[in-house]
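J.: missing the sequence, but the structure's below:
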Ligand code: SF4
């Protein structure tokens, strides 16, 4: 990736992060305090369902993850890993 593209992605990720933080100030994420979201053995389809149906900030969560491409974790019901692109099968 060129440094120009990297910088552009960074700016957009920063904007998306701020939007996510603002949303978190208004609504509690559905994953807050839910240990299934940090359990490697959790049922992925169940977590996807929670994100899709119970979280009021999913749009902002997804927008941030799409731009920042986090190296790991569950974001808007999608699973990110360090070595692979987003897992679309959840
Ligand atoms: S959409 Fe994001 S903030 Fe909401 S429950 Fe899922 S992972 Fe948490």
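T.: Nice, thanks for sending it over. It should be emphasised that the depicted structure is a prediction, and the values quoted were computed from it without experimental measurement.

J.: which residue is nearest the middle of the chain?
T.: With distances taken as CA atoms, centre = their mean, residue 75 lies nearest the centre of the chain, 2.3 Å away.

J.: Provide a list of residues in contact with that one.
T.: Remark: with contacts taken as CB atoms under 8 Å, 6 or more residues apart in numbering, residue 75 is in contact with 61, 62, 64, 65. C-beta: built from backbone N, CA, C; applies to glycine.

J.: residues from this structure in reach of the ligand?
T.: By CB under 6 Å from any ligand atom, the part of the chain that sits against the ligand consists of 29-31, 50-51, 55, 57-58, 61, 74-77.

J.: returning to what we had before: show me the contacts of residue 75 that map onto helices.
T.: When DSSP state H is applied, these are split such that 61, 62, 64, 65 fall in helices.

J.: quick one: contacts for the third one?
T.: Residue 64 makes contacts with 13, 16, 17, 19, 20, 75, as judged by CB under 8 Å, 6+ apart.

J.: can you do 6 Å?
T.: Each residue near residue 64 by CB atoms under 6 Å, 6 or more residues apart in numbering is listed here: 16, 17, 20.

J.: which residues of this structure fall in strands?
T.: If you assign secondary structure with DSSP state E, the strands in the chain sit at 73-75, 78-80.

J.: nearest to residue 44 among the contacts of residue 64?
T.: For the contacts of residue 64, the residue nearest residue 44 by CB to CB is residue 20; the value is 21.6 Å.
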